[in-house]
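1. Just a sequence and a predicted model for now, questions to come.
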Amino acid sequence: MSRERQPAVAGGQVNAPGWRLSVWNYNSHSGDPTRNWRLFLDEIATRVSTIVRPYIPDIVTVQEVQYRAGGIAHVPCSDLVDELRQATGGKHYRCTWATAPTGRNNGTGPTQGGAAIIYRPSRLTFLGQTMFPLQSNKVDSDGNPLGCEVRDNDGADQTSVWTGVAARFGMTVGTETRHLTVATAHMPTQVDLGDQYNHCIYDNTQAAIQATKKLDAQASGSSQLRIISGDFNMEDRNSTNRWRHWYKRLNRRWAEATVENLGMDDIAEKACHPSGATDAMVRTCLDRSGQRGTWWTVAHRRRIDYIWTINSASFANQETIAQTRPAYSDHRGLGATLELSAP
């Protein structure tokens, strides 16, 4: 990675207290050091406010890292870890990333899309990981959808299966240890698939949750917090500003009696949903611009990056990184302070 521009060193941030963790998600856009990843780091670790961003990042889930495209592996996670260490004044981080066991790369290696979990070993003990393949839909030559399934070619120039990664961690405060699981994914880009068809978001999110539960089962334990994050490549609302069906099946606030709901909290939507808020008020909040209210990505109602939680005891400091710099990418960093529940 180029060393032409180094991120400034953070000052004023401290560890999140108690069972709280500072959690961020970001699509690195191939880790371009001059435009994307370093600008994100400048925002979360150097533009410090003790009210807005008081805590040192503990977990950063990343997409478009350690991935394969065109037969070439891109963006080693070690490069991003090194930049994050420098931006936080020397804090130590480690990375675990998705590998693809099948697909056109003929063996285990970097996965299409790229997904990784960067974490602080001084606060979190790594206890294991697992991968989960992602499904996609596509249309045939007549424009008919073929349905959700795992593919190594969904209409894009892929070289391996799109794959997510899940990891289990222990966190100790005093003499007590609790556990959390984190899953992140870069969900497939689905070419020529209209809004009326299944984009497999529900299926892939369910696979991510099952991957975290698999890690718990292997340890004969449970998680006091589950985090599901990533670039979903799909907006939460349609062209008429109504919640998409997949979104209502994930978000427990919008659960419908006739369909299964995954019982999750969307941290951005939760910040926009105080007691008594109407549906219209929430959607307006999600659309508003400004440093603390820019929840969408790309353009108006184009929010495609998410952090979801299950069992978080509290939420605080929910924020996106506003597009205040002309070179910042079309993805926005999204973060919050999350708290592990009591066992």
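-> Received, thanks. Numbering: from 1, shown residues only.
2. okay, now residue 255: neighbour count?
-> 15 (other CB atoms under 10 Å). For every residue, glycine as well, the C-beta is placed using N, CA and C.
3. What's the separation between it and residue 58?
-> Separation of residue 255 from residue 58 (CB to CB, to the nearest Å): 30 Å.
4. do the same with residue 209
-> Residue 209 is 21 Å from residue 58, by CB to CB.
5. Residue 208 now?
-> For residue 208, the distance to residue 58 - CB to CB - is 20 Å.
6. So for these two, which sits in the more crowded spot?
-> residue 208 (28 against 24).
7. Could you report the distance from that one to residue 163?
-> 11 Å.
8. what touches both of these two?
-> The contact sets of residue 208 and residue 163 overlap at 132, 185 (CB atoms under 8 Å, 6 or more residues apart in numbering).
9. which stretches of the stretch 101-250 of the chain form strands?
-> For the stretch 101-250 of the chain, strands defined by DSSP state E, counting those that start in this stretch occupy the ranges 109-110, 115-119, 125-133, 135-136, 149-150, 163-173, 176-186, 225-231.
10. Can you lay out those as JSON lines showing mean neighbour count?
-> Below are the strands of the stretch 101-250 of the chain laid out as JSON lines (neighbours: other CB atoms under 10 Å):
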{"stretch": "strand 109-110", "mean neighbour count": "20"}
{"stretch": "strand 115-119", "mean neighbour count": "26"}
{"stretch": "strand 125-133", "mean neighbour count": "18"}
{"stretch": "strand 135-136", "mean neighbour count": "26"}
{"stretch": "strand 149-150", "mean neighbour count": "16"}
{"stretch": "strand 163-173", "mean neighbour count": "22"}
{"stretch": "strand 176-186", "mean neighbour count": "23"}
{"stretch": "strand 225-231", "mean neighbour count": "27"}
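11. looking at those strands, which one has the lowest mean pLDDT?
-> Among the strands of the stretch 101-250 of the chain, strand 109-110 has the lowest mean pLDDT, at a mean of 54.
12. my guess is residue 125 meets residue 168, correct?
-> No: taking contacts as CB atoms under 8 Å, residue 125 lies outside contact range of residue 168: 9.5 Å.
13. Would you agree residue 171 is in contact with residue 340?
-> Yes: Residue 171 is in contact with residue 340 according to CB under 8 Å; the separation is 6.4 Å.
14. Which residues are in contact with each of those two?
-> 19, 21, 178-180.
15. Just give me the closest of those residues to residue 272.
-> Ranked by distance to residue 272 (CB to CB), those are led by residue 21 at 21.8 Å.
16. The closest one: what's it in contact with?
-> The contact partners of residue 21, by CB under 8 Å, 6+ apart, come to 58-59, 123-124, 171, 180, 337-340.
17. can I get those residues in a markdown table with distance to residue 74?
-> Below are the contacts of residue 21 laid out as a markdown table (distance: CB to CB, whole Å):
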| residue | distance to residue 74 |
| --- | --- |
| 58 | 26 |
| 59 | 22 |
| 123 | 29 |
| 124 | 26 |
| 171 | 32 |
| 180 | 29 |
| 337 | 31 |
| 338 | 30 |
| 339 | 35 |
| 340 | 34 |
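18. quick one: which of those residues is nearest residue 241?
-> Nearest to residue 241 among these, counting by CB to CB, is residue 338 at 28.3 Å.
19. give me every residue that touches the residue of the chain most remote from its centre.
-> The C-alpha centroid of the chain is most remote from residue 142, which lies 34.4 Å away (CA atoms, centre = their mean). The neighbourhood of residue 142, defined by CB under 8 Å, 6+ apart, contains no residues.
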